[in-house]
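Trainee: just the structure for this:
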Amino acid sequence: MFSVTEDSCFWAHVEEARISCRLLNSGGSNSAEIENLVKFEKYVMGLPKNYAVSRDIFLESSSYMQWWREYEDILGKQVMGASHNSELARFIKDGDYHLYKSGTLVFAISGLP
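Mentor: Below you'll find the model as predicted:
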């Protein structure tokens with residue numbers, strides 16, 4: 001189960017998101033970079049839900065977790081807007097990613113009780 005990341009471009013997407021974070025951190029608000037990060041956040045949150053990503057992305061030294069720390073800093077500065085509601089932030093902060101890493105997280109199926 002989920003030993004391989006299905007999207008062969010996943011790591012390229014991570015690096016693009018890291019670039020967007022750096023640009024926002026260095027120059028203030030840029031709507032194109034914010035839009036890129038919102039899209040990436042939705043994309044990347046969908047991967048664990050579909051068990052389409054390796055648990056290795058959650059290793060503390062991975063580029064993905066480096067991106068997360070950069071993105072978390074941006075969220076803290078409210079660069080994304082005060083009303084930005086991040087499902088990914090809850091997933092990380094609630095520790096669900098640790099369950100995913102260990103192979104014990106089960107996502108609820110939408111539409112089922």
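Trainee: if I pick residue 65, what's in contact with it?
Mentor: Counting by CB atoms under 8 Å, 6 or more residues apart in numbering, residue 65 touches 57, 58, 59. No exception for glycine: its C-beta is placed from N, CA and C like everyone else's.
Trainee: can you flag the buried ones in those?
Mentor: Taking 16 or more other CB atoms under 10 Å as the criterion, what is buried in the contacts of residue 65 is 57, 58.
Trainee: now the contacts of residue 65 in CSV, with distance to residue 39?
Mentor: Below are the contacts of residue 65 laid out as CSV (distance: CB to CB, whole Å):
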residue, distance to residue 39
57, 18
58, 21
59, 24
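Trainee: reformat the contacts of residue 65 as CSV; add secondary structure.
Mentor: Converted to CSV, these look like this (DSSP: H, G, I helix; E, B strand; the rest coil):
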residue, secondary structure
57, helix
58, helix
59, coil
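Trainee: mind showing which ranges of this structure have poor pLDDT?
Mentor: By pLDDT under 70, the weakly predicted segments of the chain are 1-3, 28-29, 82-83, 108-113.
Trainee: can you give me the strands for it?
Mentor: With strands called from DSSP state E, the chain shows none.
Trainee: ranges for the helices of the protein?
Mentor: For the chain, helices defined by DSSP state H occupy the ranges 10-27, 31-49, 63-76, 87-93, 96-102.
Trainee: and the third one, which residues are buried?
Mentor: Same thing as helix 63-76. Applying 16+ other CB under 10 Å to helix 63-76 flags 64, 65, 67, 68, 70, 71, 72, 74, 75 as buried.
Trainee: pipe those into a markdown table and attach distance to residue 88 per row.
Mentor: A markdown table is the format used below for the buried residues of helix 63-76 (distance: CB to CB, whole Å):
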| residue | distance to residue 88 |
| --- | --- |
| 64 | 11 |
| 65 | 12 |
| 67 | 11 |
| 68 | 8 |
| 70 | 13 |
| 71 | 8 |
| 72 | 10 |
| 74 | 12 |
| 75 | 9 |
